[in-house]
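Participant: Here's my sequence, what's the structure:
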Amino acid sequence: MHDFPVLEIGPLNIDISTFLAIIVTFVIVFVMARLAVRNLSVDNPSKMQNFMEWVIEFVHNLTASAMPLSKAKRYVSLGMTIIMFIFVANLLGLPFGIVTHHEHGLSLFGYKIEGHEFAWWKSPTADLSVTSGLAVIVFVLVHYLGLTQNTKHYLKHYFEPFWFFLPLNIIKELSKPLTLALRLFANIFAGEVLIATILMAGVWGTPLLLAWQGFSIFVGAIQAFLFTILTMVYISQATVHEEH
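Facilitator: Take a look at the predicted model:
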């Protein structure tokens, strides 16, 4: 069984495969965005422009389903960034794997990494630290927007329906980033574990591998959608008066 290379720098444990996958995800999303706006045309739009217009419309409708239309427009860019980044990240571990063998461990940037077989490629969302980071960003953003845009109603909802519900309401808020992180991580990690298990069957597992990879694309899309729609719902609950 292979290990993922972990670089220990003081108190930090950096998973190199995760770090590389995050960089690749960022580059892919950035390139897609640039290609979509490179040659904008009303009469003869490119396929990439049409695709991005469809994504924008989809995210706009998704956002508008969670909050009033007047507020939805300002969060479309956020929704697009989240859904595209997570979708691409979810699929990175599907096409192939990169594994290297090192009899005497690995030396990287002057640091010694113990092990003999290292995997250098996986979906970044198959790492709990990545999904937790995304969830924490959403958590901070939601409460910042609630405090700055809807202060009175936002603070009031912690004491509803009665003041002694305060502890339960705090627990409810703290559970939101936890469930966001764990749901995304568990689905993608389980898929990659299953793919690794199928690969052990060699050539006999090829039909099952192809079928599962097709299903994994569907799962990756669903998880990106769920993370995005829940983010918009949480923002709506924190910023829209009627939700309180």
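
Participant: quick check, Trp121 in a strand?
Facilitator: No: read with DSSP: H, G, I helix; E, B strand; the rest coil, Trp121 is coil and lies in no strand.

Participant: didn't it look like it was pressed against Ile16?
Facilitator: No: Trp121 lies out of contact with Ile16 (Cβ atoms under 8 Å); the separation is 10.5 Å. Yep, even glycine has a C-beta here, placed from its N, CA and C like the rest.

Participant: got any ranges where this protein has weak pLDDT?
Facilitator: 1-3, 5, 95-120, 202, 241-244 (pLDDT under 70).

Participant: Quick test: name the residue nearest the centre of this protein.
Facilitator: Residue closest to the average C-alpha location in the chain (Cα atoms, centre = their mean): Ile86, at 3.5 Å.

Participant: Contacts only, for that one.
Facilitator: Residues counted as contacts of Ile86 (Cβ atoms under 8 Å, 6 or more residues apart in numbering) are 125, 134, 184, 223-224, 227-228.

Participant: Mind putting the residues you listed into a markdown table with neighbour count and secondary structure?
Facilitator: Below are those laid out as a markdown table (neighbours: other Cβ atoms under 10 Å; DSSP: H, G, I helix; E, B strand; the rest coil):
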| residue | neighbour count | secondary structure |
| --- | --- | --- |
| Thr125 | 33 | helix |
| Leu134 | 22 | helix |
| Leu184 | 26 | helix |
| Gln223 | 23 | helix |
| Ala224 | 22 | helix |
| Phe227 | 24 | helix |
| Thr228 | 26 | helix |
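
Participant: Quick one: name whatever helix or strand follows the helix or strand where Ser129 lies.
Facilitator: Using DSSP states H and E, Ser129 sits in helix 128-149. Where DSSP H and E defines the elements, the next helix or strand beyond helix 128-149 is helix 151-156.

Participant: residue ranges for the helices of the protein, please.
Facilitator: Ranges of helices in the chain, per DSSP state H, are 16-38, 47-64, 69-72, 76-91, 128-149, 151-156, 166-199, 206-239.

Participant: what's the most buried one of these?
Facilitator: helix 76-91 (a mean of 21; mean count of other Cβ atoms under 10 Å).

Participant: got the angle for it vs helix 166-199?
Facilitator: 40 degrees (axes from the mean of the first three to the mean of the last three Cα atoms, to 10 degrees).

Participant: quick one, what contacts Ala211?
Facilitator: Counting by Cβ under 8 Å, 6+ apart, Ala211 has no contacts.

Participant: any idea how far it is from Leu166?
Facilitator: 50 Å (Cβ to Cβ, to the nearest Å).
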